[in-house]
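Student: Here is a sequence with its predicted model. Questions after.
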Amino acid sequence: MNKKTVWYVILISIIVAILASYFASASPDGLEKVAETFGFIEDANGTFGFFSDYTLFTGIIGLLIIFATFKGIGLLITKASQK
Amino acid sequence: MHIPNGLLDPKIATGSAFAAAAVLGYCIAKVKQALVAAVPEAVLAGIGNVTATVKGGIGKAAENHFVKMGAIGALIFAGQMFNFPVAEGTSGHLLGGIIAAVALGPFSGAIVIAAVLFVQSIFFADGGIMVLGANILNMAIIGSFACYYIYYNIYNAMKNKYGFYLSVGLAAFSSVLIASIACSLEIAWSGTVNLGIVLPAMASVHAVIGISEALITIMALEILRSLKFDLEGEIK
């Protein structure tokens, strides 16, 4: 497997995020819908998040955070093992 | 299927967090073991002196593996943003547990899904922080790690291309359905709603979402394969 493969996967992720930001359904998901139907959605209380919602911008930031975190761990291990 | 804060009582939230942490710890130990075990091959190949090879070997294998974990994590995070309509006024989205487990192996798969859930909870308030353990238990431990063995067993019984599609599809479908059942149990045991009410409602809507999960999972793995992504959890 070469390095290009990883960048293709990242590129596809960004494309999916772009498509999602335009075309994703705004309807509640399965659990939210069930909670609404049976009236226990009121038990849920909102929590603090740094971003209010998934937009094109925050979505791409989110996926890059995940990629960068794992890449960072990999780099740290390499560095540590080369000492 | 991300449970928000407030739906689980502290006992269930804490209990599921301990269960999730225990299995996740096991997964991390297994990944570490696998990366270290990758070394003797390099030593046998006789490159450089043994000590240097051992150290460099861990580093390179680990770096490649972690980059792959990051890429799959990014892909699944993006995929989970894409809600699609499943019924009147209801949507579903990818969970990606089987994509992660087949692409990276079940141990790394669970770790990646847990990381996705962590970022969603911290940055997007998608899934409550207080119930993160339950969400990791449902979608990473059950939906990725445990359901990988559905693929593993069915594929081993068939060992052909149709077996791959069937086993991956069934594993992906089951991962969503079983995670939704676990989610229902946690909510019901917390006294939020009766199990007899929440379980059939959750299971029926997630059976529909599970069909999409199966199709997306097969498609995603085929795309990864065509990009020459080495599927580490695939049975050769």
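Tutor: Yes, it's here. Numbering: from 1, shown residues only, chains lettered A, B, ... in the order given.
Student: drop to CA atoms for contacts and neighbour counts, all remaining ones
Tutor: OK.
Student: which residues of the chain score low on pLDDT?
Tutor: This is for chain A. A:47-48, A:82-83 (pLDDT under 70).
Student: Oops, wrong one, chain B.
Tutor: For chain B (pLDDT under 70), the answer is B:38-59.
Student: Would you agree B:Phe82 is in contact with A:Ser27?
Tutor: No: B:Phe82 lies out of contact with A:Ser27 (Cα atoms under 8 Å); the separation is 11.5 Å.
Student: When the two are compared, which one has more neighbours?
Tutor: A count of neighbours by other Cα atoms under 10 Å in any protein chain shown puts B:Phe82 above the other of B:Phe82 and A:Ser27, at 24 against 18.
Student: for the helix or strand hosting A:Ile15, packing partners?
Tutor: Assessed by DSSP states H and E, A:Ile15 sits inside helix A:3-23. Applying 3 or more Cα pairs under 8 Å, 6 or more residues apart in numbering or on different chains; DSSP states H and E, one finds that helix A:3-23 contacts helix A:56-82, helix B:50-81.
Student: How many residues are close by residue 80?
Tutor: I'll assume chain A. Around A:Ala80 there are 13 residues (other Cα under 10 Å).
Student: Switch to chain B, please.
Tutor: 20.
Student: which one is it nearest to, not counting chain neighbours?
Tutor: B:Leu94 (5.0 Å; Cα to Cα, 6 or more residues apart in numbering or on different chains).
Student: shouldn't the one you found be in contact with B:Ala78?
Tutor: No: contact between B:Leu94 and B:Ala78 fails when scored by Cα under 8 Å: they sit 9.4 Å apart.
Student: out of the two, which sits in the busier spot?
Tutor: Comparing B:Leu94 with B:Ala78 by other Cα under 10 Å, the one with more neighbours is B:Ala78, at 28 against 24.
Student: now the helices and strands packed on helix A:3-23 as CSV including distance to B:Gln33?
Tutor: Shown next, in CSV, are these (distance: least, Cα to Cα, whole Å):
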stretch, distance to B:Gln33
helix A:56-82, 14
helix B:50-81, 10
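Student: if I read this right, B:Asn135 contacts B:His2, doesn't it?
Tutor: Yes: applying Cα under 8 Å as the test, B:Asn135 and B:His2 come out as touching, 6.1 Å apart.
Student: how far away is A:Pro24 from chain B?
Tutor: Slight slip there: residue A:24 is Ala, not Pro. 5 Å (Cα to the nearest Cα, to the nearest Å).
Student: Next, count neighbours for that residue.
Tutor: As a burial measure, A:Ala24 scores 19 neighbours (other Cα under 10 Å).
Student: Same question for B:Ala214.
Tutor: For B:Ala214, using other Cα under 10 Å, the count is 27.
Student: quick one: it and B:Gly97, what's the gap?
Tutor: 11 Å (Cα to Cα, to the nearest Å).
Student: A:Tyr8 too?
Tutor: In terms of Cα to Cα, A:Tyr8 sits 20 Å off from B:Gly97.
Student: The two - which one has more neighbours?
Tutor: B:Gly97 (32 against 15).
Student: check contacts around the nearest residue to the more buried one once chain neighbours are set aside.
Tutor: Leaving aside its sequence neighbours, B:Gly97 sits nearest to B:Ser144 (Cα to Cα, 6+ apart; 3.9 Å). Counting by Cα atoms under 8 Å, 6 or more residues apart in numbering or on different chains, B:Ser144 touches B:96-98, B:100-101, B:106, B:109-110, B:113, B:175.
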